[in-house]
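Student: okay, predicted coordinates and the sequence, questions at the end:
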Amino acid sequence: MEPPSGQTPPSDRPTPDAEEEAARLASMPAWRRDIMKKKMDEDREQKRKADEQAKQAKEKEEKSELERIRTLGYDETKLAPWQRQIILKKGDIAK
């Protein structure tokens with residue numbers, strides 16, 4: 001499916017934040033622009049690392065939940081999400 005004529009696909013279009021950032025940087029002197037670019041790059045990298053750590057923590061939590069369900073003797077593939085929540089909250093309930 002092609003985008004309507006005259007429009008670029010969303011992935012090729014710069015985000016509004018990027019456009020605003022580029023406009024703001026263009027109005028600065030070169031030395032200040034370099035400092036700002038470096039600071040923004042560091043902020044992006046820090047955010048990326050924080051997101052990666054959050055993702056890893058979430059995966060670890062999910063893995064431990066699955067392990068806990070298995071050790072209680074349940075087959076996680078046959079459980080509905082609400083059943084998983086009850087089992088994880090209350091522990092081993094009557095089967």
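Tutor: Cool, got the structure. Since this is a predicted model, take the numbers as computed values, not measurements. Numbers count the residues shown, from 1 in each chain.

Student: this structure: helices as residue ranges?
Tutor: Here the chain has its helices, by DSSP state H, at 16-26, 30-71, 81-90.

Student: dump the ones you listed to JSON lines, plus mean pLDDT.
Tutor: What follows is these, written out as JSON lines (pLDDT from 0 to 100):
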{"stretch": "helix 16-26", "mean pLDDT": "80"}
{"stretch": "helix 30-71", "mean pLDDT": "93"}
{"stretch": "helix 81-90", "mean pLDDT": "87"}
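
Student: got those helices as TSV, with mean neighbour count columns?
Tutor: Where you see a C-beta, it was placed from the backbone N, CA and C, and this is true even at glycine. TSV is the format used below for the helices of the chain (neighbours: other Cβ atoms under 10 Å):
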stretch	mean neighbour count
helix 16-26	11
helix 30-71	11
helix 81-90	12
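
Student: look up phi and psi at Ser27.
Tutor: As for Ser27, its main-chain torsions (degrees, to the nearest 10) stand at phi -90, psi 0.

Student: for Arg33, see how far away it is.
Tutor: 9 Å (Cβ to Cβ, to the nearest Å).

Student: same check on Trp82?
Tutor: According to Cβ to Cβ, Trp82 and Arg33 sit 53 Å apart.

Student: ok, now Asp75?
Tutor: With distances taken as Cβ to Cβ, Asp75 is found 59 Å from Arg33.

Student: and Glu59, by the same measure?
Tutor: In terms of Cβ to Cβ, Glu59 sits 39 Å off from Arg33.

Student: do Ala54 as well
Tutor: Using Cβ to Cβ, Ala54 is found at 31 Å from Arg33.

Student: next one: stretch 41-49 to chain centre, how far?
Tutor: Centroid displacement of stretch 41-49 relative to its chain, using Cα atoms, centre = their mean, to the nearest Å, is 13 Å.
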